[in-house]
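Peer 1: Here is my input, please return the structure:
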Amino acid sequence: MEAHMLYVHALTPIHVGVGQGAGVIDLPVIREKVTGWPYLPGSGVKGVLRDACEDAKVPDATRKIVFGPETRDNPSEHAGGVIFADLRLLCLPVRSYKGGFAWVTSPLALSRWARDCAMAGGAIPADAGTIGDKAIVLPSADARNIIGTGHDVRLEDLKLTSTVNSTAQTVAEAIAAASFEQDSWRTFFHTHFGIVSDTTFSFLTRTATEITARNRIDPDRKIVAEGALWWEEAVPAETIFAGLLLSTPQGITRMNGAGGADALAREVEKGLARPIQIGGNASVGRGLANARLDLPAANAGGGA
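Peer 2: Numbering: from 1, shown residues only. Below is the predicted model:
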């Protein structure tokens, strides 16, 4: 199988839930069992992109090759020619004392991302060295936008000592280029990015998500309906996810082999010219995101 990387940048908070929660949050977001980090399930991503390609007028026959037959048609005829892996958390936006907010990642998140990039034919240096739980590694002195007095970076309630690392600079440039189309946002990312320890990152994924009180109003009494007040978790706006999109040999064959894996990926890309909507609460503006594929720049069309 041949692979490409798919990146999703949240424009508004994203709620991909797991149903009723067992704790104080009634509707938590879905999280990986191993890390406890939020992620976007591949099944949901596939459905969203299928709809996006339909809106983009991708021909029915082509959509059938890429995504497989619709359930109402003949789903057992053949599988889709593209496999959509789960999109894993790459960068989490966290409130910063200076600069508004900062994007943070961790050595483990970078190692998993680098492994996926290697499958897609890219080489990303992911070794940022040993990072203490009270430290943050910045790409360059340009990240002074989030540095306070004495080279400290304050994220939420954490006070972290900053250092500069060349690997962080390379990583910041690669993530910015993959996630953003506008040069202004790439520059902004580079000046608001840092790498923290896996322990600190895991702590922030549990405490820096968005928790919102939701309710339903009784139309007659104009007050909250009985039992209709709940707490809902969402991944904050500006979060960046990344994962694999794999083209199967059978899918490439059904495309008559023209263009190989790129041909299938380019059909998916046609649905990414506009923001997509992921997860629940679409009617209240949740889940809007830009998505980009790492297709060769010389022939790339669309993108978000």
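
Peer 1: residue boundaries of the helices in the stretch 51-200 of the chain?
Peer 2: Using DSSP state H, counting those that start in this stretch, the helices assigned to the stretch 51-200 of the chain run over residues 60-67, 107-119, 166-179, 183-190, 198-207.

Peer 1: so which of those gets nearest residue 269?
Peer 2: The minimum distance between residue 269 and the helices of the stretch 51-200 of the chain falls on helix 60-67, with 10.8 Å, by Cβ to Cβ. (Glycine included, C-beta is placed from N, CA and C.)

Peer 1: For that closest one, which helices and strands make contact with it?
Peer 2: If you count contacts as 3 or more Cβ pairs under 8 Å, 6 or more residues apart in numbering; DSSP states H and E, helix 60-67 packs onto helix 42-55, helix 249-254, helix 260-269.

Peer 1: Could you export these to CSV, including columns for mean pLDDT and mean neighbour count?
Peer 2: Formatted as CSV, the helices and strands packed on helix 60-67 follow (pLDDT from 0 to 100; neighbours: other Cβ atoms under 10 Å):
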stretch, mean pLDDT, mean neighbour count
helix 42-55, 94, 18
helix 249-254, 83, 17
helix 260-269, 85, 22
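
Peer 1: which residues does residue 27 bridge with?
Peer 2: Here residue 27 sits in beta bridges with residue 232, going by DSSP bridges.

Peer 1: wait, doesn't it sit right on residue 230?
Peer 2: Yes: under the criterion of Cβ atoms under 8 Å, residue 27 makes contact with residue 230 at 6.4 Å.

Peer 1: Which of those two has more residues huddled nearby?
Peer 2: residue 27 (19 against 15; other Cβ atoms under 10 Å).

Peer 1: Just the pLDDT at that one, thanks.
Peer 2: You'll see residue 27 listed with a pLDDT of 86.

Peer 1: Likewise for residue 240?
Peer 2: The model's pLDDT for residue 240 equals 98.

Peer 1: neighbours of it, just the number please.
Peer 2: Number of residues near residue 240 (other Cβ under 10 Å) recorded here: 24.

Peer 1: pretty sure it is touching residue 87, no?
Peer 2: No: the criterion here is Cβ under 8 Å, and residue 240 misses it with residue 87 at 9.5 Å.

Peer 1: intersection of neighbour lists for those two?
Peer 2: With contacts defined as Cβ atoms under 8 Å, 6 or more residues apart in numbering, the residues shared by residue 240 and residue 87 are residue 8.

Peer 1: list the contacts for the residue nearest to residue 185 when sequence neighbours are not counted?
Peer 2: Excluding the flanking residues, the one nearest residue 185 by Cβ to Cβ, 6 or more residues apart in numbering is residue 176, at 7.5 Å. Residue 176 sits next to 185-187, 189-190, 193 when contact means Cβ under 8 Å, 6+ apart.

Peer 1: Now with 6 Å, please.
Peer 2: By Cβ atoms under 6 Å, 6 or more residues apart in numbering, residue 176 lies in contact with 186, 189-190.

Peer 1: Out of those residues, the closest to residue 201 would be?
Peer 2: Residue 201 lies nearest to residue 189 out of the contacts of residue 176, by Cβ to Cβ, at 17.2 Å.

Peer 1: Give the full set of residues in contact with the closest one.
Peer 2: By Cβ under 6 Å, 6+ apart, the contact list for residue 189 reads residue 176.

Peer 1: returning to that earlier point: in TSV: the helices of the stretch 51-200 of the chain, plus mean pLDDT.
Peer 2: Shown next, in TSV, are the helices of the stretch 51-200 of the chain (pLDDT from 0 to 100):
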stretch	mean pLDDT
helix 60-67	90
helix 107-119	94
helix 166-179	92
helix 183-190	94
helix 198-207	96
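
Peer 1: Looking at the ones you listed, which is nearest to residue 282?
Peer 2: Using Cβ to Cβ as the measure, helix 60-67 is the one of the helices of the stretch 51-200 of the chain that comes nearest residue 282, at 20.3 Å.

Peer 1: ok now that closest one, how far from the chain's centre?
Peer 2: The chain centroid and the centroid of helix 60-67 are separated by 25 Å under Cα atoms, centre = their mean, to the nearest Å.

Peer 1: related to what we said a few turns ago, using TSV, lay out the helices of the stretch 51-200 of the chain together with distance to residue 127.
Peer 2: Below are these laid out as TSV (distance: least, Cβ to Cβ, whole Å):
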stretch	distance to residue 127
helix 60-67	36
helix 107-119	8
helix 166-179	6
helix 183-190	20
helix 198-207	13
